[in-house]
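A.B. asks: 3D, please:
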Amino acid sequence: MPEQKALPFVSVNIPAYNEEKFIGACLESLTNQTYPSYEVIVVDDGSTDKTVSIIQQFVAKDPRFKLVHQNHGGEAVARNCAAQHSKGEILCFLDADLAFAPDFIEKLIAPVLDDTAIGTFSREEYVKNYDNPWARSWNLNDGMLTAKRHPDDFPYEDTTFRAMRKSTFDSVGGFSSKGSGDDKTLSSLQPGHAERNLRAGSLVCAWRACRIKPGEFCSAYAAVFRCAQHQAGYSAQ
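C.D. replies: Modelled structure (predicted):
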């Protein structure tokens, strides 16, 4: 019997800034993934709340979890920092305010592993706290009448990268800082690749529900998601 090839090691990279309400659920959802070979690198982006102490609890009990500190520089800087500390052949770029289904990593990286796509993103996303009027209003404002964040006809191609090979990431120099849109900047760094860079498929994920602070209007987002399975195809590279 031929020797089975070892699965590529995956580095899950998460920037975190003052995410004490959500980082625990995020990391807990990553403790029992079906994909067996991965690490989780959380970059604390200068948090002033209990984010660090919560992350440390996971680091203390699970050697797959690692904590890196940096002064507050924003998500793009934190993602790039995490990539520099990553040992994986595949990088996954996730957010601290999301929760993930057990097979999320396995399905997210599948088209990258078989080279049918440069990268992948999540298409099936649900608001967990849909009974919250602010969260529900966020969906309604986008024309969505249910907890689902994207319509059924949402494109299977997008410029948001959730996973890609580290070699590809390094070749374009990482993310550029563009506020909340930093996870779309890799496509702009790859001329001619934007139209074929990603496609969602059998993915399970979650997005962010709106958190309003006094004097602000939808300037911050909070993680409150559940996940559901969706079967779809992948685009060829």
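A.B. asks: how about the strands in this structure?
C.D. replies: Listed in chain order, the strands of the chain (DSSP state E) span residues 10-16, 38-44, 65-69, 90-93, 119-120, 125-127, 163-165, 205-206, 208-211, 220-223, 225-226.
A.B. asks: export those strands as a markdown table, with columns for distance to L108.
C.D. replies: C-betas here are computed from N, CA, C, even on glycine. Shown next, in a markdown table, are those (distance: least, CB to CB, whole Å):
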| stretch | distance to L108 |
| --- | --- |
| strand 10-16 | 9 |
| strand 38-44 | 11 |
| strand 65-69 | 18 |
| strand 90-93 | 6 |
| strand 119-120 | 5 |
| strand 125-127 | 13 |
| strand 163-165 | 5 |
| strand 205-206 | 8 |
| strand 208-211 | 18 |
| strand 220-223 | 17 |
| strand 225-226 | 15 |
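A.B. asks: pick the most deeply packed of the ones you listed.
C.D. replies: With neighbours defined as mean count of other CB atoms under 10 Å, the strands of the chain peak in mean count at strand 119-120, which reaches a mean of 28.
A.B. asks: same list (the strands of the chain) but as TSV, adding mean pLDDT and distance to S137.
C.D. replies: Shown next, in TSV, are the strands of the chain (pLDDT from 0 to 100; distance: least, CB to CB, whole Å):
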stretch	mean pLDDT	distance to S137
strand 10-16	97	26
strand 38-44	98	30
strand 65-69	98	35
strand 90-93	95	28
strand 119-120	85	30
strand 125-127	76	11
strand 163-165	92	31
strand 205-206	32	18
strand 208-211	28	7
strand 220-223	25	13
strand 225-226	32	16
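A.B. asks: lowest-pLDDT helix or strand in the protein?
C.D. replies: Ranked by mean pLDDT, DSSP states H and E, the helix or strand of the chain with the weakest confidence is strand 220-223, at a mean of 25.
A.B. asks: quick check, central residue of the protein?
C.D. replies: The centre of the chain sits closest to L94, judged by CA atoms, centre = their mean, with a distance of 2.0 Å.
A.B. asks: name the nearest residue to that residue, ignoring sequence neighbours.
C.D. replies: Spatial nearest neighbour of L94, excluding adjacent residues (CB to CB, 6 or more residues apart in numbering): I14 at 5.2 Å.
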